[in-house]
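Visitor: Below are the sequence and a predicted model for it; my questions follow.
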Amino acid sequence: MGQGMNAHDKDLAGGDIAIVRYGDGEMTVLRPGRYVICAVSGRKIPLDDLRYWNPENQEAYASPVEAMIRWKQLNP
């Protein structure tokens, strides 16, 4: 039996995680992937669904809820 990577192994190795540079109102995909990780919740965010990020901290957020939580953490 072969020792190839299955889809789960690829996910754990980071093969499906995109590397993104977050800018003001736009993002640039540096390494293609299916998703990024929310900096607050740790949830996977499909790139097509990514709407919230912080360009200063280079962080992605799953929803406005996580974005507000992080904003409050950064602005006590």
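Guide: Ah, there it is. Residues are numbered from 1 along each chain as shown.
Visitor: Looks like residue 27 contacts residue 18 (just checking).
Guide: No. Using CB atoms under 8 Å, residue 27 is not in contact with residue 18; the gap is 9.4 Å. Any C-beta I mention is one placed from the backbone N, CA and C, and that applies to glycine too.
Visitor: who's more crowded, these two?
Guide: When residue 27 and residue 18 are compared for neighbours, residue 18 comes out ahead with 20 against 16, by other CB atoms under 10 Å.
Visitor: so that one sits right up against residue 35, yeah?
Guide: Yes. Counting by CB under 8 Å, residue 18 touches residue 35, with 6.5 Å between them.
Visitor: Distance check, residue 61 against residue 15.
Guide: Going from residue 61 to residue 15 by CB to CB, to the nearest Å gives 23 Å.
Visitor: So which of these two has more stuff around it?
Guide: Between residue 61 and residue 15, counting by other CB under 10 Å, residue 61 is the more crowded of the two (24 against 13).
Visitor: can you list residues touching both of residue 18 and residue 35?
Guide: Taking CB atoms under 8 Å, 6 or more residues apart in numbering as the contact rule, residue 18 and residue 35 both touch residue 47.
Visitor: Bridged to the residue nearest the centre of the chain, which residues?
Guide: Centroid-nearest residue in the chain, with CA atoms, centre = their mean: residue 36, separated by 2.2 Å. On the basis of DSSP bridges, residue 36 is bridged to residue 45.
Visitor: wait, doesn't it sit right on residue 50?
Guide: Yes. Contact criterion CB under 8 Å: residue 36 and residue 50 qualify, at 6.3 Å.
Visitor: quick one: common contacting residues for these two?
Guide: Counting by CB under 8 Å, 6+ apart, the residues touching both residue 36 and residue 50 are 20, 60.
Visitor: Check the gap between the residue nearest to the centre of the chain and residue 25 for me.
Guide: With CB to CB as the criterion, residue 36 and residue 25 are 17 Å apart.
Visitor: what's the answer for residue 49, then?
Guide: 17 Å.
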